[in-house]
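Enquirer: Give me coordinates for this.
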Amino acid sequence: MASVQDDFPDHYATLGLHRKCTEAQIRTAYRILAKEHHPDVNGGSEESVVRTQVLNAAYKVLVDGEARAAYDKELAAATRAARPVRAGRVEKNVSQDTTLRLEDFIRGTRLTVRVNDPGNPDGPEEYALEVPEGTAPGTRFRVPREGAFRGGFVVVRVQAGADFRFKARGSDLRCDLKIAAERAARGGTESLRGIGGGTVRVEIPKGVARGEVLRIEGEGLPKARGGRGDLLVRIQYRPEVRITRGQG
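Expert: Just a heads-up that it's a prediction; the model follows:
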């Protein structure tokens, strides 16, 4: 949740935009981020609720021409006031959250970090960030800045993004598994595709109830201190449809 001062939010940073962005860019950025962080696709987590509120506040101000003009004046004043810090030094560190696909935490990925800092006389900055395999959600990376802000860092925190099959809770994953009523009654083995691409075997106990959750250890996302979280599989019954030929 980016801010110029503790009590003055930077709405442009919230939406990942520069201060000369167009109204169309504001609407596009808001639409993408609002969908990504909506509580309905993040299990109603408290963090997603807060993030959505911040996005809504930023959009409400920036999309309104008059409100944006007034905000820009306040932002410029707040920026000037925020630059000098202890002993006349300039704050060189910036922080930003980003979301990864769930499989990226397992396999690793490469990101491009872009910084548009109005206080940098050299203009926008761009850095490469390697996220290694086995990275845990919530991990923070410190990317050294160059140029006028050499000695500072871009602190990037990686979060789990939405996925159509799995929902992340820390390092644990949740998903649904539909089985036939016959399988539920007799028990046996089912399989599903794990987050790393391999097959995960799910042992179905005899007489398993609809909505019962089965825990599979070590098939979740990486943990900060090593190992992986668990996969929690909720059992759903697959409807059975029978068609018989009518007697003529």
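Enquirer: What is the end-to-end distance of stretch 162-177?
Expert: Start-to-end span of stretch 162-177 (Cα to Cα, to the nearest Å) is 18 Å.
Enquirer: err, stretch 198-218, not the other one
Expert: So stretch 198-218: terminal residues 13 Å apart, Cα to Cα.
Enquirer: For it, list every residue counted as buried.
Expert: For stretch 198-218, the neighbour count (16 or more other Cβ atoms under 10 Å) marks V200, V202, I204, V208, L214, I216 as buried. The way it works is simple: take the backbone N, C-alpha and C, and place the C-beta from them, glycine included.
Enquirer: if you average pLDDT over that stretch, what comes out?
Expert: Here stretch 198-218 scores 94 as its mean pLDDT.
Enquirer: can I assume F105 sits in a helix?
Expert: Yes. Checked against DSSP: H, G, I helix; E, B strand; the rest coil, F105 lies within a helix.
Enquirer: what residues are up against it?
Expert: Residues in contact with F105 (Cβ atoms under 8 Å, 6 or more residues apart in numbering) are G134, T135, A136, P137, V158, A160, L221, P222.
Enquirer: Swap in 7 Å and give it another go.
Expert: F105 makes contacts with T135, P137, L221, P222, as judged by Cβ atoms under 7 Å, 6 or more residues apart in numbering.
Enquirer: ok, now how distant is the last one from E23?
Expert: In this structure, P222 lies at 41 Å from E23, with Cβ to Cβ, to the nearest Å as the measure.
Enquirer: out of those two, which sits in the busier spot?
Expert: P222 (19 against 12; other Cβ atoms under 10 Å).
Enquirer: correct me, but that one touches G138?
Expert: No. The criterion here is Cβ atoms under 7 Å, and P222 misses it with G138 at 10.6 Å.
Enquirer: who touches both of the two?
Expert: Here P222 and G138 share no contacting residue, scored by Cβ under 7 Å, 6+ apart.
Enquirer: gap between stretch 202-214 and the chain center?
Expert: 30 Å (Cα atoms, centre = their mean, to the nearest Å).
Enquirer: Run through who's touching it.
Expert: For stretch 202-214, contacts defined as Cβ under 7 Å, 6+ apart pick out 177, 179, 183-192, 216, 232-237.
Enquirer: quick one: the helices in the protein?
Expert: 11-14, 23-37, 46-62, 65-82, 102-107, 181-186 (DSSP state H).
Enquirer: mind checking which of these is nearest E146?
Expert: Closest approach to E146 among the helices of the chain (Cβ to Cβ): helix 11-14, 19.8 Å.
Enquirer: from the chain's centre, how far out does that closest one sit?
Expert: Computed by Cα atoms, centre = their mean, the chain-centroid distance of helix 11-14 equals 17 Å.
Enquirer: Could you pull out the buried residues of that helix?
Expert: The neighbour-count check on helix 11-14 (16+ other Cβ under 10 Å) flags H11, Y12, A13, T14 as buried.
Enquirer: I am finished for the moment; much appreciated.
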